[in-house]
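Asks: got a sequence here, can you model it:
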Amino acid sequence: MRQDHTDPFTDVLEKLSIYPSELLRGVQCPSCHRFTMQCIYAGWHCPSCNGKSKTAHEPMILDYFLLLGRTMSNAQCRAFLKIESSMTMSNLLRKMNLEKAGSGTGSGIYYKAPPLERIAQHVELYKRTIPRRSTR
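Replies: Residues are numbered from 1 along each chain as shown. All right, here's what the predicted structure looks like:
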């Protein structure tokens, strides 16, 4: 069935000769594009520009799936987003409606990447929010 289809993972980092340790970590501010967002009271705040967002973490989580693999644990996501609290991370992942898999609780659970169509929609939406740079 079509819903059982999973797209093969393309190791983009390997193709581009980039090490995972070279990737910027944290949550990028949608306003100033710095990776300085801090999770405060169920939202994100940027100390650099005072920008605020409820969903600034979502593009980073989708980037993780595109760059690092089709599955992700809570701990892997926390390391990527620079978040200390596993409970905060669980809440953010739950709100994204990502499919859970694995067995048991805690370290036995992992999250599956959404279909590439959903990621593509998110990328298109994000591209519309970025100010265009002059080519002159």
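
Asks: can we go C-alpha only for contacts and neighbour counts from here?
Replies: Will do.

Asks: list the contacts of residue 63.
Replies: Listed by Cα atoms under 8 Å, 6 or more residues apart in numbering, the contact set of residue 63 is empty.

Asks: could you measure from it over to residue 51?
Replies: Applying Cα to Cα, to the nearest Å, the value for residue 63 to residue 51 is 21 Å.

Asks: any idea how far residue 11 lies from residue 68?
Replies: Counting by Cα to Cα, the gap from residue 11 to residue 68 is 7 Å.

Asks: between the two, which one's more packed in?
Replies: Under the criterion of other Cα atoms under 10 Å, the comparison of residue 11 against residue 68 puts residue 68 first, with 16 against 13.

Asks: nearest spatial neighbour of the residue most central in space within the chain, skipping sequence neighbours?
Replies: The centroid of the chain falls nearest to residue 61 when counting by Cα atoms, centre = their mean (1.2 Å). The shortest distance from residue 61 to any non-neighbouring residue, by Cα to Cα, 6 or more residues apart in numbering, is to residue 77 (7.2 Å).
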